[in-house]
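Q: Quick one: sequence plus predicted model below, questions after.
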Amino acid sequence: MFQVVEMRLYPLLEGHVRCYAIRDEVAFGKTQPFQACAMRLDKPDDEIGGWLFLSLPSVVVHRVDAWSPLYPPPAWLAARGKATQSDAGPEAAYRFPAPLQRESDAAAGGRTAFRCKLCGEGYETREALLLHHADAHAGEPPPVPPPVVDAATVREYLSDCKHEIVCVVEGVDNTTSCTVQ
């Protein structure tokens, strides 16, 4: 979370913001340096363009959830004994090449976050999935939830790995009509 404001006499018009995490990724045993990963924003909502009114201070919020590039990957958690085998489907965390999601979309009822492995029904919350499982599949063992990662684990991951956050704020200059970053 951070705050942004335009300090010029004539502020930029139609301001919007984007954030990226620059990090080294390991794929197939090789390190790929300086990979840019888009960070979804909750405020301002990036689904509608991430618009800002730059004349007044605006708070920008990125939620660190299982879809965030700041969230510890499963391999890092497993190497430290913090991961468990989960029944969570692809809706619970980012898996390439799926589009980036936000956990807040599922919390607001905008998409499915949990899917029943037995019948394929989708639910926004884990509690709704457990209620469905108790009603429809009473004889089966309950699904295993994805691992819960606390703030201390995220801090440990960020201090252990190289991450740089780049925030791009851009708008239209009102005298030249040029886009300025």
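A: That came through, no problem. Numbering: from 1, shown residues only.
Q: which residues in the protein form strands?
A: Remark: strands assigned in the chain by DSSP state E are 2-4, 13-27, 30-39, 51-52, 58-60, 114-115, 122-123, 163-172, 179-180.
Q: residue nearest the centroid of this protein?
A: The centre of the chain sits closest to Ser68, judged by Cα atoms, centre = their mean, with a distance of 3.1 Å.
Q: returning to that earlier point: in terms of mean pLDDT, which of the strands of the chain ranks lowest?
A: Within the strands of the chain, the stretch with the lowest mean pLDDT is strand 114-115, showing a mean of 76.
Q: re the thing from before, now the strands of the chain in a markdown table, with mean neighbour count?
A: C-beta here means a position set from N, CA and C on the backbone, and glycine is covered the same way. As requested, those are arranged in a markdown table below (neighbours: other Cβ atoms under 10 Å):
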| stretch | mean neighbour count |
| --- | --- |
| strand 2-4 | 11 |
| strand 13-27 | 16 |
| strand 30-39 | 12 |
| strand 51-52 | 20 |
| strand 58-60 | 17 |
| strand 114-115 | 22 |
| strand 122-123 | 18 |
| strand 163-172 | 14 |
| strand 179-180 | 12 |
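Q: mind putting those strands in a markdown table, distance to Thr153 included?
A: Shown next, in a markdown table, are the strands of the chain (distance: least, Cβ to Cβ, whole Å):
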| stretch | distance to Thr153 |
| --- | --- |
| strand 2-4 | 22 |
| strand 13-27 | 17 |
| strand 30-39 | 19 |
| strand 51-52 | 32 |
| strand 58-60 | 24 |
| strand 114-115 | 22 |
| strand 122-123 | 26 |
| strand 163-172 | 15 |
| strand 179-180 | 39 |
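Q: how about these, which one is nearest Pro143?
A: Nearest to Pro143 among these is strand 114-115 (7.9 Å), distances taken as Cβ to Cβ.
Q: which ones are touching Glu14?
A: By Cβ atoms under 8 Å, 6 or more residues apart in numbering, Glu14 lies in contact with Trp51, Gly171, Val172.
Q: That concludes my questions; thank you for your assistance.
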